[in-house]
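Enquirer: dropping a prediction and its sequence here:
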Amino acid sequence: MVINVGTESRVTTRKFVSVDPEKCIGCGLCEYVCTLEKEGFPNPLASRIRVIRVFPLMNVAMTCRFCEDAPCVTACPRNALKQSFDNGVILVDEKRCDACGWCIEACPYGGITLHPEKHVVVACDLCGGNPKCVEFCPEEALELVSDDASARNIWVSALARITPKIERLLTLIKDGRYGDIFLEAEDKTRRMEEKLISLNETEIRAKRGS
């Protein structure tokens, strides 16, 4: 069932992708995975999830949170956006959307983006319940949560841990222990490579099955 969200309606089952900014390394693999799943080829410009690199020790990935009384739906002057009553997913009527961008401005989370080729807006749909960005994140920085409080708690906890990480990094540099820094970087690279191999194997199986 799909409805325009109004003041009296509520999403019955809400889940969205949240990020742990302490774990996110800003690699952008989620953007590539998203567009590979939705567009058939990797193009971060068309991704439904966006990586924001705030500074070297803090990166975040943001996507649609399927808000109750979604402001993007209300802001659309052409009624091109509707929201599922069951899971809150934002559906876009491409014939009505004229890429005016009002919904993008209204979204407080950067969850609505403009498709670079179709010139219509796009938003996360959770890949039917199994978001690929969560599955292939090499640092397990992404997870499904069901309410804003849970997402906020993840952020608060992560931010509390970032300052000690900065202090530790400065100590390693002052002590000349660059080897420890390189080893940690190599571990992240290894995890990235493992996810890329898994993604490649998944694509190969999909092509063989088609």
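Expert: That came in fine, so what should we check first? Numbering: from 1, shown residues only.
Enquirer: what's the spacing between the spatially most central residue of the chain and residue 163?
Expert: Nearest to the mean C-alpha position of the chain, by Cα atoms, centre = their mean, lies residue 49 at 3.5 Å. Distance of residue 49 to residue 163, computed by Cβ to Cβ, to the nearest Å: 27 Å. C-beta coordinates here come from the backbone N, C-alpha and C atoms, glycine included.
Enquirer: and the residue nearest to the centre of the chain, what does it touch?
Expert: Going by Cβ atoms under 8 Å, 6 or more residues apart in numbering, residue 49 touches 17, 30, 31, 34, 61, 62, 63, 124, 133.
Enquirer: restricted to helices, list the residues you listed.
Expert: The helices, defined by DSSP state H, take in 30, 31, 34, 133 from those.
Enquirer: would you format those residues as JSON lines with pLDDT included?
Expert: Shown next, in JSON lines, are the ones in helices among the contacts of residue 49 (pLDDT from 0 to 100):
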{"residue": "30", "pLDDT": "96"}
{"residue": "31", "pLDDT": "95"}
{"residue": "34", "pLDDT": "96"}
{"residue": "133", "pLDDT": "97"}
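Enquirer: okay, those in JSON lines with distance to residue 179 and neighbour count next?
Expert: Output for the ones in helices among the contacts of residue 49, formatted as JSON lines (distance: Cβ to Cβ, whole Å; neighbours: other Cβ atoms under 10 Å):
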{"residue": "30", "distance to residue 179": "30", "neighbour count": "29"}
{"residue": "31", "distance to residue 179": "32", "neighbour count": "21"}
{"residue": "34", "distance to residue 179": "35", "neighbour count": "27"}
{"residue": "133", "distance to residue 179": "32", "neighbour count": "25"}
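Enquirer: still on that earlier bit, could you count how many residues lie near the closest residue in space to the residue nearest to the centre of the chain that isn't next to it in sequence?
Expert: Closest residue in space to residue 49, ignoring its immediate chain neighbours: residue 63 at 4.0 Å, by Cβ to Cβ, 6 or more residues apart in numbering. Counted with other Cβ atoms under 10 Å, residues neighbouring residue 63 total 26.
Enquirer: oh, and call the first residue 32 from now on, that's how I've got it
Expert: Let's use 32 as the start, then, which means that last one is residue 94.
Enquirer: circling back to that earlier point, so what's the backbone phi/psi at the residue nearest to the centre of the chain?
Expert: Note on residue 80: backbone dihedrals following degrees, to the nearest 10 are phi -130, psi 140.
Enquirer: gap between it and residue 110?
Expert: 26 Å.
Enquirer: how about residue 101?
Expert: Applying Cβ to Cβ to residue 101 and residue 110 gives a distance of 13 Å.
Enquirer: now residue 227: which helix or strand?
Expert: Using DSSP states H and E, residue 227 sits in helix 209-240.
Enquirer: next, the buried residues of that helix.
Expert: 222, 223, 226, 230, 233 (16 or more other Cβ atoms under 10 Å).
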